[in-house]
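Asks: kindly return the folded structure for what I paste below:
(one chain, ligands or ions: 1)
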Amino acid sequence: MAVGTFATAINCIDGRAQRPVSDWMRIQYSVDFIDTITNPGPEKGLIQGSQAIIDIMRANVEVSVSAHESQLIAIAAHHGCAGNPVSDEEHQAQVRAACQVVAGWGLPVRIIGLWVNEWWQVELIADSAAGRLQSR
Ligand SMILES: [Zn+2]
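Replies: Below you'll find the predicted structure:
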């Protein structure tokens, strides 16, 4: 049994993006630890990646949810991403679409989409609890 509470982040491999997302989630949702699944530009991988890529991310998320009882999954994208060099607007659209993909996994969790802006600040751009997963 793990001691402490956990949430889950699907984030870029980029080391600059991980601490802002982890810190923001721990403060915002009062959890102790953030399990992090990384992939270069994971928002793109979730919607356009190979089935193998998606399956690995899903399997890792499921470990976090089952072993650590995570009830919150974030999909995060960031400004200046080498793994997915598209416009900020496109990143954000991909995050919302990726949230739908993760929602399709049927896990008993809240799903949020996060955008890490050019100042490494975290913005909430989708939230299944608020009925805002649809593209705006
Ligand atoms: Zn990146």
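Asks: does the residue nearest in space to the middle of the chain belong to a helix, a strand or coil?
Replies: For the chain, residue 75 is the residue whose C-alpha lies nearest the centre (CA atoms, centre = their mean; 1.6 Å). For residue 75, the assignment made with DSSP: H, G, I helix; E, B strand; the rest coil gives strand.
Asks: what residues are bridge-paired with it?
Replies: When bridges are called by DSSP bridges, residue 75 pairs up with residue 10, residue 113.
Asks: list the contacts for it?
Replies: Listed by CB atoms under 8 Å, 6 or more residues apart in numbering, the contact partners of residue 75 are 10, 42-43, 46, 95, 98-99, 102, 111-114, 126. Placement of C-beta: from N, CA and C, glycine included.
Asks: and those, which is closest to residue 62?
Replies: Checking the contacts of residue 75 against residue 62 by CB to CB gives residue 102 as the nearest, at 11.0 Å.
Asks: quick check: closest non-adjacent residue to that closest one.
Replies: What sits nearest to residue 102 in space, not counting adjacent residues and going by CB to CB, 6 or more residues apart in numbering, is residue 111, at 5.4 Å.
Asks: doesn't that neighbour fall inside a strand?
Replies: Yes - read with three-state DSSP, residue 111 is one of the residues of a strand.
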